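Novice: model this:
(2 chains)
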Amino acid sequence: MSAAGHVAGAPAPSRAFKLRRAVSRQAWTLGVVAILVVLLIIEANVAPLFTSFDVQSLVISGMPLAFAAMAQSVVVLSRGIDLSVGSVMALTNVIAAQLMQDQKTLGSALLISALVLVIGVAIGTLNGLAVVFSRVPDIVVTLALSFVWAGVALIVLPTPGGGSPTSFQELSTASDLWEWIPNGLLILAGVYLVVWVPLRSRRIGLAMYAVGSDATAAGLSGVQVGRTRILAYTFGGLFAAFGGLALTSTTGIGSPLSGEFYTLTSVAAVVIGGVSLAGGKGGLLGPIIAAFILSAAVTVLVFAGVDANYGQVIQGALIVLMVMFGGLLLRRRG
Amino acid sequence: MSLLNVQNLAKRYGSVIALRSADLTVEPGEIHALLGANGAGKSTLVKILTGVIGPDSGTITLAGKPLAVGSPAGARLAGLASVFQDPALVPDLTVRENMKLTGTSMDGVESSLRGMDLSVDPDELVGDLPLAMLRMIDLSRALSHDPQLLLLDEITAALPSDLAERVLTVARELRDRGRSVLFVSHRLAEVTLLCDRATVLRDGGAVGTLKPSAGGEERIVELMMGESQDAIADEIAQAEETAHAEEGDAGRPADGDAGPPALKVSGLRLTEGSPDGVDFEVRSGEIVGVAALDAQGQEELFNLLAGLQRIRDGHVERLGKPIRPRDPYDAIKEGMVLVPSDRLLALLPDRPIRENIAAPLYSHIKRWGPFNARREAGKVDDAIARLQIDTRARRQARRLSGGNQQKLTIARWLAAGFDVLLCFDPTRGIDVGTKRQIYALLRELAGAGAAVLLFTSELTEIQLVCDRVVVLHDGRISDRLPGSEANEARLLRSAHGLVEAGAVP
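Specialist: Down below sits the predicted model:
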């Protein structure tokens, strides 16, 4: 039996116990941080010349995936899955590139970005409504909707094109604060801190965890289960739209097929990041870091001279191994 | 004016009528019991009152106002708070986060817990806390909303007796403050002790409201059953006679029975902390009872034997042959089968009755090919008939009543065949009538030569069915005694560790 549930008079848990418990609850996240650090050290050794530029390119390549991982995580936490993440990213990517191509100023680009985020929220909400009201399994509904959003993306922009102001591209590609801290990382941290952190400790965020953890208990606690699930998809749409904007910013253009890679890779990031596919367990930080692990792994394999096709095989094997060892370690402790 | 007034409440699920026309009134300042056999409509009525489901027709008023609850939260706002048998707490959130989720102040909950001599670390994850503690937290949460009517649904089931006692005290304190309690329970002894009035449901309607008095259990049971019932002991004796008549020889084993025991456990360590293991044996044809308070190692004992947990220290022998089941499949191959207390865990809830019973028949690879459909169907039908399973909802095991689900978990082993039956609290949350049937069946099975190991949280019932009893306390056997001496007082003493082990062989 656990250490809790004592009768009054039993000593309160010590500070050391609380610290140990906090560390053990974040063990998975700390683990992925360690893996990322190890990868970066390896990269620094195999790369011909490791400079701030390498960090910058890691952030540029990892940023869209990090947003995709956030989008997938909020949905998975509330025990859903969203197979339309990539398509929504592609759609928001082409909308942004289409609207921004004749814009010159950062201000107008940001205004358009706001509009794109609203579109993302609307699409996410639609996804959620479709999942909850159709009562068809989420995996089927979001797979079907992924075709819809991918089709709309092709209607908006049939071939890669569009554009965006240089100042908007520098939001992700430059490093204004310090050469080792790219702007993209700041934006990612900003979204995490402004959107997720407050949400997580408020009732809506708790409700998402509750629904994912035990929907019956959540319902009996007064949580509106259906509404909460829809809201999780809404936030998924918001993060996917951030991902679409990140694509526009990092590539400078819109590409209707840019999303394909992100749907399943976001699921991989979620799993590596310690979010349980059964819902209720984990957070957003782990998947964000996992997104950079997946991006860094590609770079390391390239630098190490591994054939790109073998690289994929190795990457896939690494995903299974990481999750397996993580699970084994947690089980041994628990 | 009555506090709660329920009139002509009806609810049907498809063709199954759950509530026909239920009436219930609860006065201010009273503790009112809601009783009924399984399938009488009790849980449906509770679900409607708490807003989990809506009624088809009928009216509910609370304190003179019509109660139109669409959700449990709505019910709480209207002044009706509930504590369910399965605590409405989210396992992956901490206690504090759970309270925040429902807009409850953690301070209120903590002070209410202190009132019951309990405390909890608010930052502990709910999933890491024992069930008993969760019930108490759930109760404290309900109390902190200061409801006019508190609904307690089987709250004392599987609670250790000291905590159950504290719950009863809380109910009395509420009554003293003019609040009311609706007490749903199978424990008639508690009802007669605690409640001012009791409403008995049968077949979806109220059959009567009475004032329970000490020793009035039999009258309540009569109302529940609709007919005067033989004493449970008679029925069991009868079952045994039948078994004897059918099987001829195998009966209760004589002392000094030859041959190795059907199941022998030696030095089996139940919990990691305990210094030594448990030793006991079960012979063919006998029922050995396991009595224990909450979480004394009984779950581990049954899990180890059934192959759900790996054996670390100690030995298990089947007919003199050492075995070490790695998973349930191993245990089942050895003829050791488990009937768990959580029925839905053992069943395939969305599959039909027949498939549920037939499932173990197909477990061996040899059976994956063509099979003798008629013979297997015969086995399944025999099991259904023998246990008198209500097959009206045969398409989905989930839709059966709790008692019928439990019969189903036993029926599958009747069809598949077994030597050692491990029954873990098979009658938890089951009505008196079905309980009697199950106990009679266990005696019958033992009479036919099975070895039965039975844990039950109902101490009073051990005496009625068990040949011998071992009492667990803190992962060790604190007492062994013949069934005839296993009265509640003795069991309670040993379960609290007050008798030294080894007194009786």
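Novice: distance of the closest residue to residue B:76 other than its chain neighbours from residue B:129?
Specialist: In space, and not counting its chain neighbours, residue B:76 is closest to residue B:145: 5.7 Å by C-beta to C-beta, 6 or more residues apart in numbering or on different chains. Every residue, glycine included, has its C-beta placed from N, CA and C. Going from residue B:145 to residue B:129 by C-beta to C-beta, to the nearest Å gives 21 Å.
Novice: neighbour count winner among those two?
Specialist: Remark: of residue B:145 and residue B:129, residue B:129 carries more neighbours, 22 against 17, as counted by other C-beta atoms under 10 Å in any protein chain shown.
Novice: what does the stretch 51-200 of chain B have sitting close to chain A?
Specialist: With C-beta under 8 Å from any C-beta of the partner chain as the criterion, the stretch 51-200 of chain B meets chain A at residues B:52, B:71-73, B:76, B:82, B:84, B:86-93, B:97-98, B:100-103, B:113-114, B:117-121, B:123-125, B:128-130, B:132-133.
Novice: kindly supply the ChimeraX command isolating those of those residues that are buried.
Specialist: Only the buried entries of these go into this ChimeraX selection, using 16 or more other C-beta atoms under 10 Å in any protein chain shown:
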select /B:52,71,72,73,76,82,84,87,88,89,90,91,92,93,97,98,100,101,102,113,118,119,120,121,124,125,128,129,132,133
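Novice: restricted to strands, list the residues of the stretch 51-200 of chain B next to chain A.
Specialist: Using DSSP state E, the subset of these located in strands is residue B:82.
Novice: could you find the closest non-adjacent residue to residue 123?
Specialist: Chain wasn't specified; assuming chain A. Closest residue to residue A:123 apart from its sequence neighbours, by C-beta to C-beta, 6+ apart: residue A:237 at 4.8 Å.
Novice: hmm, I had chain B in mind actually
Specialist: Nearest residue to residue B:123 in three dimensions, chain neighbours excluded: residue B:94, at 5.1 Å (C-beta to C-beta, 6+ apart).
Novice: if the one you found is in a bridge, with which residues?
Specialist: Using DSSP bridges, the bridge partners assigned to residue B:94 are residue B:125.
Novice: wait, residue A:278 touches residue A:79, no?
Specialist: Yes: using C-beta atoms under 8 Å, residue A:278 is in contact with residue A:79, at 6.8 Å.
Novice: what residues do these two have in common as contacts?
Specialist: Common neighbours of residue A:278 and residue A:79, counting by C-beta atoms under 8 Å, 6 or more residues apart in numbering or on different chains, are residue A:212.
Novice: could you pull up phi and psi at the residue of the stretch 201-334 of chain A found nearest chain B?
Specialist: Of all residues in the stretch 201-334 of chain A, residue A:222 sits closest to chain B, at 2.9 Å by C-beta to the nearest C-beta. Main-chain torsions, residue A:222, degrees, to the nearest 10: phi 100, psi 10.
Novice: if I look at it, how far off is residue B:81?
Specialist: 11 Å.
Novice: of all residues in the stretch 301-450 of chain B, which one is closest to chain A?
Specialist: Counting by C-beta to the nearest C-beta, the stretch 301-450 of chain B gets nearest chain A through residue B:344, at 12.2 Å.
Novice: which residue is the nearest non-sequential neighbour of the residue positioned nearest the centre of chain B?
Specialist: Central residue of chain B (C-alpha atoms, centre = their mean): residue B:428, 1.0 Å from the mean position. Excluding its sequence neighbours, the residue lying closest to residue B:428 (C-beta to C-beta, 6+ apart) is residue B:341, at 4.6 Å.
Novice: if we can go back for a sec, show only the entries of the residues of the stretch 51-200 of chain B next to chain A found in helices.
Specialist: B:72, B:73, B:76, B:97, B:98, B:100, B:101, B:113, B:114, B:132, B:133 (DSSP state H).
Novice: can you put those residues in JSON lines and add pLDDT and distance to residue B:493?
Specialist: Output for those, formatted as JSON lines (pLDDT from 0 to 100; distance: C-beta to C-beta, whole Å):
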{"residue": "B:72", "pLDDT": "78", "distance to residue B:493": "40"}
{"residue": "B:73", "pLDDT": "78", "distance to residue B:493": "44"}
{"residue": "B:76", "pLDDT": "83", "distance to residue B:493": "41"}
{"residue": "B:97", "pLDDT": "93", "distance to residue B:493": "41"}
{"residue": "B:98", "pLDDT": "93", "distance to residue B:493": "37"}
{"residue": "B:100", "pLDDT": "92", "distance to residue B:493": "43"}
{"residue": "B:101", "pLDDT": "90", "distance to residue B:493": "42"}
{"residue": "B:113", "pLDDT": "92", "distance to residue B:493": "28"}
{"residue": "B:114", "pLDDT": "91", "distance to residue B:493": "29"}
{"residue": "B:132", "pLDDT": "87", "distance to residue B:493": "20"}
{"residue": "B:133", "pLDDT": "91", "distance to residue B:493": "25"}
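Novice: my guess is the residue nearest to residue B:76 contacts residue B:80. True?
Specialist: No: here residue B:145 does not reach residue B:80: they are 9.7 Å apart, not a contact under C-beta under 8 Å.
Novice: what stretches of the stretch 101-250 of chain A score poorly on pLDDT?
Specialist: Filtered on pLDDT under 70, the stretch 101-250 of chain A yields no residues whatsoever.
Novice: contact residues of it facing chain B?
Specialist: Residues of the stretch 101-250 of chain A lying close to chain B by C-beta under 8 Å from any C-beta are A:203, A:206-207, A:209-210, A:212-214, A:216-224.
Novice: quick one, grab the pLDDT at residue 253.
Specialist: Using chain A here. We have a pLDDT of 94 for residue A:253.
Novice: try again with chain B
Specialist: pLDDT, residue B:253: 44.
Novice: so how far is residue B:68 from residue B:57?
Specialist: 13 Å.
Novice: same question for residue B:350.
Specialist: Noted for residue B:350: a distance of 32 Å to residue B:68, by C-beta to C-beta.
Novice: just the terminal-to-terminal distance for stretch B:53-72.
Specialist: 9 Å (C-alpha to C-alpha, to the nearest Å).
Novice: ignore the last one, stretch B:308-327
Specialist: 6 Å.
Novice: equivalent analysis for stretch B:412-425, please.
Specialist: Terminal residues of stretch B:412-425 lie 17 Å apart, using C-alpha to C-alpha.
Novice: pull out the buried positions in that stretch.
Specialist: For stretch B:412-425, a neighbour-count test (16+ other C-beta under 10 Å) marks B:412-416, B:418-425 as buried.
Novice: could you dump the one helix or strand residue A:212 maps to to PDB, C-alpha only?
Specialist: In this assignment (DSSP states H and E), residue A:212 forms part of helix A:203-213. Presented in PDB, the C-alpha positions along helix A:203-213 are these (Å, rounded to 0.1, in the frame of the first residue of the first chain):
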ATOM      1  CA  ARG A 203     -10.600  23.300 -14.400                       C
ATOM      2  CA  ILE A 204     -10.700  22.900 -18.200                       C
ATOM      3  CA  GLY A 205      -7.300  21.300 -18.300                       C
ATOM      4  CA  LEU A 206      -8.000  19.100 -15.300                       C
ATOM      5  CA  ALA A 207     -11.200  18.100 -17.000                       C
ATOM      6  CA  MET A 208      -9.200  16.900 -20.000                       C
ATOM      7  CA  TYR A 209      -7.000  14.800 -17.900                       C
ATOM      8  CA  ALA A 210     -10.100  13.500 -16.000                       C
ATOM      9  CA  VAL A 211     -11.900  12.500 -19.100                       C
ATOM     10  CA  GLY A 212      -8.800  10.700 -20.400                       C
ATOM     11  CA  SER A 213      -8.200   9.000 -17.000                       C
END
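Novice: which other residues reach it?
Specialist: With C-beta under 8 Å, 6+ apart, helix A:203-213 has contacts from A:74, A:76-79, A:196, A:199-200, A:217-218, A:221, A:223-225, A:228-229, A:231-232, A:278-281, B:90-93, B:97-98, B:100-101, B:103.
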